[in-house]
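Enquirer: Okay, sequence plus prediction incoming.
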Amino acid sequence: MEFSTEYLPHQDAIAALFEATFTVSEGATEGAMIGALVHRLIADTPPDDLRVFTAWRAAALVGGIFFTRLRYPNDPRVVFLLAPVAVATDHQGQGVGQRLIAHGLEALAQQGVDIAVTYGDPAFYSRVGFRAVRVDEVPSPHPLNMPQGWLAQSLGDASFAPLSGPAEAARAFDDPALW
């Protein structure tokens, strides 16, 4: 498996992967919403605030993850949100997602990112170092429908300390339905 950070030439294939994956797991409406989110993330997020990592096998796209800057104007630390994540259905259960996320987190740490946050299944994301956090420790940009899925990890040597809110997400995430 090879990893890549080159996404612009592949943006339609990446969006199609996310739409197909979420359609299978969550239904056509959710798939279309996540596919549109991917297009908005690529089109509307400043390059300094966006990191895209993809996984390829035999020249086929098998996974993708997005990191976008999560701003805390009252806190000097650099924070990125991991979302969304997709692995092609015929490659799920093979560790693709975990390896891709670990690769992305390592790259972010090397770039000086202090904290990674995500919103998802604690059982899955705990395998790559995330732990549950409360919104008073890590304020979310919008109220959370499932607060137990709010997760974070420190990428540096310092121990995790609460972030000073409020939080501001990338424009593509400024939709309460996503939270």
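Expert: It's in. Bear in mind the structure is a predicted one, so any value in this text is a computation, not a measurement. Residues are numbered from 1 along each chain as shown.

Enquirer: now the strands for the protein?
Expert: Ranges of strands within the chain are 2-4, 50-57, 60-69, 79-87, 115-119, 131-132, 150-154, based on DSSP state E.

Enquirer: roughly how far apart are the residue lying farthest from the centre of the chain and residue 104?
Expert: In the chain, residue 58 marks the outermost C-alpha relative to the chain mean, sitting 24.4 Å out by CA atoms, centre = their mean. Using CB to CB, to the nearest Å, residue 58 is found at 21 Å from residue 104. C-betas here are computed from N, CA, C, even on glycine.

Enquirer: follow-up on the earlier one: would you reformat the strands of the chain as CSV and include mean neighbour count, distance to residue 144 and mean pLDDT?
Expert: Shown next, in CSV, are the strands of the chain (neighbours: other CB atoms under 10 Å; distance: least, CB to CB, whole Å; pLDDT from 0 to 100):
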stretch, mean neighbour count, distance to residue 144, mean pLDDT
strand 2-4, 13, 30, 97
strand 50-57, 20, 22, 98
strand 60-69, 22, 17, 98
strand 79-87, 23, 12, 97
strand 115-119, 23, 7, 97
strand 131-132, 13, 12, 96
strand 150-154, 21, 6, 96
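
Enquirer: can you tell me which of these comes nearest to residue 27?
Expert: strand 79-87 (14.7 Å; CB to CB).
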